[in-house]
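just coords:
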C-alpha cells in the first residue's frame with residue numbers, strides 16, 4: 001500500500017530513502033546509548049557529562065523525528081521498530097554496568113565520529129538524489145560535530161601539552 005506518493009523519481013527516491021532510513025537507525029541507536037551512559041556514568045566529571053549526554057539524546061531524538069517525517073513526506077514509511085534498530089545499528093555501544101566518565105567520553109567521541117562519517121557518505125549520495133534531504137543531513141552533521149567537539153574537549157589534549 002502506498003499512502004503517500006513521492007515527488008522524486010524512483011532511483012532518487014530509493015537512494016534518498018536508504019539514506020534517511022540508515023540515518024534514522026543511527027539516531028535512534030545514538031539516543032539509546034546516550035541514555036544508557038547517562039544512567040550509568042560515574043566519576044569526578046559525572047555532572048557535566050551527565051548533562052551533555054542529555055543534549056546528545058535530545059539532538060538525536062529531535063533529528064530522528066525530522067528524518068522520519070522527511071521520509072514520510074517522500075512516501076517512504078520510516079522504520080524505527082526496536083528490532084530494526086537492533087539489527088541495523090552499527091555504532092559502538094557501552095558495556096554493561098557502571099561506566100567511568102573517561103570511558104563515556106571516549107565512547108561518545110568514537111560513536112559520534114562514526115555517525116558523522118556515515119552521514120558524510122549520505123550527504124554525498126543525496127547531493128544528486130535529493131538536495132532537501134542533503135540539507136537536512138548537513139544540518140544534522142553540524143550538530144553532531146558540535147557534540148563530538150564538546151566530548152573531545154572533555155578528554156583534554158592528546159599531544160601531552
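Everything's here; your move. This one's a predicted model, so the numbers in the text were calculated from it and none came from an experiment.

And the helices in this protein?
Here the chain has its helices, by DSSP state H, at 10-40, 46-73, 82-88, 101-129, 131-155.

residues touching the residue nearest to the spatial centre of the chain, list them.
With distances taken as CA atoms, centre = their mean, residue 27 lies nearest the centre of the chain, 3.3 Å away. Applying CB atoms under 8 Å, 6 or more residues apart in numbering, we find residue 27 in contact with 60-61, 63-64, 67, 140. C-beta: built from backbone N, CA, C; applies to glycine.

what residue ranges in the chain are flagged as low confidence?
In the predicted model of the chain, residues 1-2, 156-161 satisfy pLDDT under 70.

which residues does residue 152 contact?
105, 109.

again, only using 6 Å
For residue 152, the contacting residues are residue 109, by CB atoms under 6 Å, 6 or more residues apart in numbering.

Check residue 103 too.
By CB under 6 Å, 6+ apart, no residues touch residue 103.

Just give the nearest non-adjacent residue to residue 132, would you?
Nearest residue to residue 132, sequence neighbours excluded (CB to CB, 6 or more residues apart in numbering): residue 70, at 7.6 Å.

Any idea how many residues pack against the one you found?
For residue 70, the neighbour count with other CB atoms under 10 Å is 21.

Repeat that for residue 60.
Residue 60 has 25 neighbours, counted by other CB under 10 Å.

pretty sure it is in contact with residue 31, am I right?
Yes: Residue 60 lies in contact with residue 31 (CB atoms under 6 Å); the separation is 4.0 Å.

who touches both of those two?
Between them, residue 60 and residue 31 share no contacting residue under CB under 6 Å, 6+ apart.

Give me the buried positions along stretch 146-158.
By neighbour count with 16 or more other CB atoms under 10 Å, stretch 146-158 contains the buried residues 147-148, 150-152, 154.

before we move on, what about stretch 101-111?
For stretch 101-111, burial by neighbour count (16+ other CB under 10 Å) applies to 101, 103-109, 111.

Sort out which one of these lies nearest residue 94 for me.
Using CB to CB, residue 107 comes nearest to residue 94 of those, at 5.7 Å.

which residue packs closest to that closest one, ignoring adjacent ones?
Looking at residue 107 with CB to CB, 6+ apart, the closest residue is residue 94, at 5.7 Å.

what's the answer for residue 68, then?
Once flanking residues are discounted, residue 68 sits nearest to residue 78: 3.8 Å by CB to CB, 6+ apart.

circling back: with distance to residue 56 added, can I get the buried residues of stretch 101-111 in TSV?
Below are the buried residues of stretch 101-111 laid out as TSV (distance: CB to CB, whole Å):
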residue	distance to residue 56
101	15
103	15
104	11
105	12
106	14
107	11
108	7
109	11
111	9
